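# Predicted structure and sequence below. I'll ask about it afterward.
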Amino acid sequence: MNASYDYIVVGAGSAGAVLAGRLSEDPAVKVLLLEAGPKDNSFWIHLPIGYGKTMWSKKYNWCFHTEPDPGMNNRKIYWPRGKTLGGCSSINGLIYIRGQREDYDHWAELGNSGWSYDDMLPYFIRSERNQRGASEYHGGEGPLSVSDIGAKNELIEAFINGAGESGVPRTDDFNGENQEGAGYYQLTTWKGWRWSTAKGYLKPARNRSNLRVETNAQATGLILDGKRAVGVRYRQNGTLHEARASGEVLLSAGALQSPQLLQLSGIGPGTVLQKQGISVVHESPGVGENLQDHLQIRATYEATIPTTNDQLNSWAGQAKLGMQWLLHRSGPLAVGINQGGCFMRALPEEAKTPDIQFHVATLSADMAGGSVHPFSGFTLSVCQLRPESRGHAHIQSSDPLVPPAMVPNYLSTDLDRRTAIASLKAARAIANSSAMKPYVKREVKPGPDASTDEELLEFSRNHGATIFHPTGTCKMGVDSDPMAVLDDRLRVRGIEGLRVIDCSAMPTLVSGNTNAPAVAMAEKAVDMILEDARRSSGSSSVASSGKARSESVITSA
């Protein structure tokens, strides 16, 4: 196993599977992909609603917990992270959202050249196979399949109309010209099945002789030659291995484990490393800092009509759902949990663009992926899109099998606290609208005991949870920013032959779900990798591949 490759990709998730699939398109390029988890061969991974199972599976999920968070009344918050081929794209809620134009333009304004919305749109288009076909904003032939929900739902229609009474227009595309609006989500599904990056990017590549995919292979550290990354150490089935890279090492282990691997390898804040007895190879104070996440606050209601709860709580209902899926690949089993939502402004006097997002589910439970309530329930889950709160992820041991300490610092700023309160008020306004009120029997949570701003904030502290979007811990930025771990080509500053390509590279959190942005970032990263290889080596198969790929992306825009 002590072999040499052109590129070693660590992590086969939303970004890593893209990198391995795309780089191996050139038969002259040897690629090794390391994934700590097993193959994605569970039926529950591929059934859209199955993430209610994988959300708690220690086989396919890291099942992390944060440190006690002061902003959440010292609760430890459960942070699921994918541990299988496809990573989080194999266990997430399937929602296809890119974020707002302003998110990417802000990255560019921070000095990250090439990361504006106009720069990113060609990569979103290139990656996407949308059920609706190609258009100005969408792709029709990419590896990542995206589908409509399908049949309309009475409760979702009531929510959309209720949001309209709050001034939120109906939309049929959150990823078009303007994100603001209420409507149905599109999902990363195809003909009733989940469409992960493993399915879209890796499955077509698995028979390539130049691509080696190793599962149950957890990276334990980088191999450095001075200040150049030349390989990766990893543990597989209890045995230690080394693999060497003549080109580059590409970390795509996610916003928690990419910084962990850097820190374990002596790259990071000196005080953090020395505390664990690790020698500092390169002082980089931003590694593990700038941690951001979307805090989810879930308002639950009892409905006056039957919901998915009723179907899941009876054998007859479960049988009907099963037959819908088996015969037609339709119904709740084919669309996951959240069918509709909206992007709106909770603090319109301060927000120029939507600052909160709703995920609307026609079922309710005490926690995501938990047992549904015994009554006819539905959920209005809301999150702040651009939180100001910042945390960190630091190693707490030199043992690579010990997870890092995760400190999100939720609700640590005045804006975040005010937005949490305003978001629950927005949920109540929609629930009490003339369009939706006939469907509401009672508000279960927050309930009548939470009426004042202080009580709504306390509810948020006691019941808020992640909506699974940790980012920012290896942010890209300009030379003058000492906290910028990466440059705008995602190269680790101070270390040659090493990039980080996943959500940890985001300087600020995008306004929405993070899977689609991670895919597009990886698509863009492949172009940068190949372009840099062309510059450094002149004419070669890698160089010609990079040139052709860049031209195709520009043309598709």
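On my side now, so go ahead.
# Can you report how many residues lie near the closest residue to Val360 other than its chain neighbours?
With CB to CB, 6 or more residues apart in numbering as the criterion, Val360 has its nearest non-adjacent residue at 4.5 Å, and that residue is Gly340. Heads up, the C-betas are built off the backbone N, CA and C, glycines and all. Other residues near Gly340 come to 23 when the count uses other CB atoms under 10 Å.
# what does Pro408 give?
25.
# separation between it and His373?
Distance of Pro408 to His373, computed by CB to CB, to the nearest Å: 27 Å.
# rewinding a little: state the distance from the residue nearest to Val360 to Val280.
Between Gly340 and Val280 the computed distance is 50 Å (CB to CB).
# Would you mark the buried spots in stretch 100-113?
For stretch 100-113, burial by neighbour count (16 or more other CB atoms under 10 Å) applies to 100-108, 110-112.
# Return the member of those nearest to Gly221.
Checking the buried residues of stretch 100-113 against Gly221 by CB to CB gives Asn112 as the nearest, at 28.1 Å.
# Find the nearest non-adjacent residue to the closest one, please.
Asp488 is the one closest to Asn112 (CB to CB, 6+ apart), at 4.2 Å.
# and the one you found, how many neighbours?
Using other CB under 10 Å, the number of residues around Asp488 comes to 20.
# ok, it - contacts?
Residues counted as contacts of Asp488 (CB atoms under 8 Å, 6 or more residues apart in numbering) are 111-115, 476-478.
# out of those, who's nearest Tyr60?
When the contacts of Asp488 are compared for distance to Tyr60 (CB to CB), Met476 wins out at 29.6 Å.
# circling back to that earlier point, quick one: the residue nearest to Asn112 from Thr471, how far?
17 Å.
# Ok, Lys152 next?
As for Lys152, its distance to Thr471 is 33 Å (criterion: CB to CB).
# thinking again about what came up before, which strands or helices does the helix or strand the residue nearest to Val360 falls within pack on?
Here Gly340, judged by DSSP states H and E, is contained in strand 338-344. Strand 338-344 sits against helix 154-165, strand 181-184, strand 356-361, with contacts defined as 3 or more CB pairs under 8 Å, 6 or more residues apart in numbering; DSSP states H and E.
# could I get that strand in CSV with only the CA atoms?
Extracted in CSV, the C-alpha atoms of strand 338-344 (Å, rounded to 0.1, in the frame of the first residue of the first chain):
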residue,chain,number,x,y,z
ASN,A,338,-38.5,19.0,4.2
GLN,A,339,-40.5,19.7,1.2
GLY,A,340,-40.9,23.5,1.2
GLY,A,341,-39.5,26.6,2.7
CYS,A,342,-38.8,30.3,2.2
PHE,A,343,-36.1,32.9,2.4
MET,A,344,-37.2,36.1,3.9
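# Please renumber the chain so that the first residue is 700 from this point on.
Sounds good: first residue 700 from here, last item strand 1037-1043.
# per-residue confidence averaged over that strand?
In this model, strand 1037-1043 carries a mean pLDDT of 95.
# I would like the residues contacting it, please.
Applying CB under 8 Å, 6+ apart, the external contacts of strand 1037-1043 come out as 792, 794, 848, 852, 855, 858-859, 862, 865-867, 873, 878-884, 1053, 1055-1061, 1080, 1084, 1125, 1210-1211.
# Tell me the buried residues within those.
Buried positions within the contacts of strand 1037-1043, assessed by neighbour count (16+ other CB under 10 Å), are 792, 794, 848, 852, 855, 858-859, 862, 867, 873, 878-884, 1053, 1055-1061, 1080, 1084, 1125, 1210-1211.
# For Ser908, give its distance to Arg1190.
Counting by CB to CB, the gap from Ser908 to Arg1190 is 29 Å.
# Tell me which of these two has more neighbours.
Shown here are Ser908 and Arg1190; by other CB under 10 Å, Arg1190 has more neighbours (20 against 8).
# Double-check the more buried one against Leu1197; I have them as touching.
Yes - with contact defined as CB atoms under 8 Å, Arg1190 reaches Leu1197; the gap is 7.0 Å.
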